[in-house]
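Engineer: here's my sequence, what's the structure:
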Amino acid sequence: MVDAARRNFLRGRPRPKIEPRPPWAGAEAAFIDRCTACRDCQAACPQGIIVRGDGGYPTIDFQRGECTFCAACVAACPPQALLVRADQPPWPYKAIVGPACLPLQGIECRVCGDYCAARAIGFSPRIGGSPPPEIDADRCTGCGACLAPCPSGAIRIV
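Structural biologist: Here you go, the predicted model:
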């Protein structure tokens, strides 16, 4: 198994940052062990959100769009670093709203809810201001559709 942190330390680089991997990547250590950084998943992604990340391994850039979970990246992965498992969701990521959210500043905004196909973002009415978004973690797929259109950059996928 390749220890990317140790390799980067010896090269004088800081620890690699935690990056979201493509869907069905599984545990980070197992993914890094199998992935050859061939970029086949990147070429196969119809949304164009798979990019080359730290160490050359694929990562997801939600600023480019959302993941539709089409599994084209899985089909294009010869070493099977991406593998659909019936007992496992595509990934553990969920959206969270940070303090820069416009309704928390008293400004009307519901853009994230408009882009959420899973309808995981709701707005409960409140007296005296704009309702902030409420994310239903059970419904949220972590697809990232809400992230790019957010005008204040308040949404993160973690």
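Engineer: phi, psi of the closest residue to Thr68 other than its chain neighbours?
Structural biologist: Closest residue to Thr68 apart from its sequence neighbours, by CB to CB, 6 or more residues apart in numbering: Gln47 at 6.2 Å. Any C-beta I mention is one placed from the backbone N, CA and C, and that applies to glycine too. Gln47 adopts backbone torsions of phi -80, psi -20, taken as degrees, to the nearest 10.
Engineer: isn't Gln47 right next to Phe69, touching?
Structural biologist: No. Counting by CB atoms under 8 Å, Gln47 sits too far from Phe69 to count as a contact (10.1 Å).
Engineer: could I get the contacting residues of the residue nearest to Gln42 when sequence neighbours are not counted?
Structural biologist: Spatial nearest neighbour of Gln42, excluding adjacent residues (CB to CB, 6+ apart): Ile50 at 4.5 Å. Neighbouring residues of Ile50 by CB atoms under 8 Å, 6 or more residues apart in numbering: Pro22, Cys41, Gln42, Pro58, Thr59, Ile60, Asp61, Cys73.
Engineer: filter those residues down to the ones in helices?
Structural biologist: By the criterion of DSSP state H, membership of these in helices covers Cys41, Gln42, Cys73.
Engineer: pLDDT, distance to Gly144 and neighbour count for those - can I get that in a markdown table?
Structural biologist: Shown next, in a markdown table, are the ones in helices among the contacts of Ile50 (pLDDT from 0 to 100; distance: CB to CB, whole Å; neighbours: other CB atoms under 10 Å):
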| residue | pLDDT | distance to Gly144 | neighbour count |
| --- | --- | --- | --- |
| Cys41 | 96 | 16 | 23 |
| Gln42 | 97 | 16 | 18 |
| Cys73 | 96 | 14 | 28 |
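Engineer: alright, that wraps it up for me.
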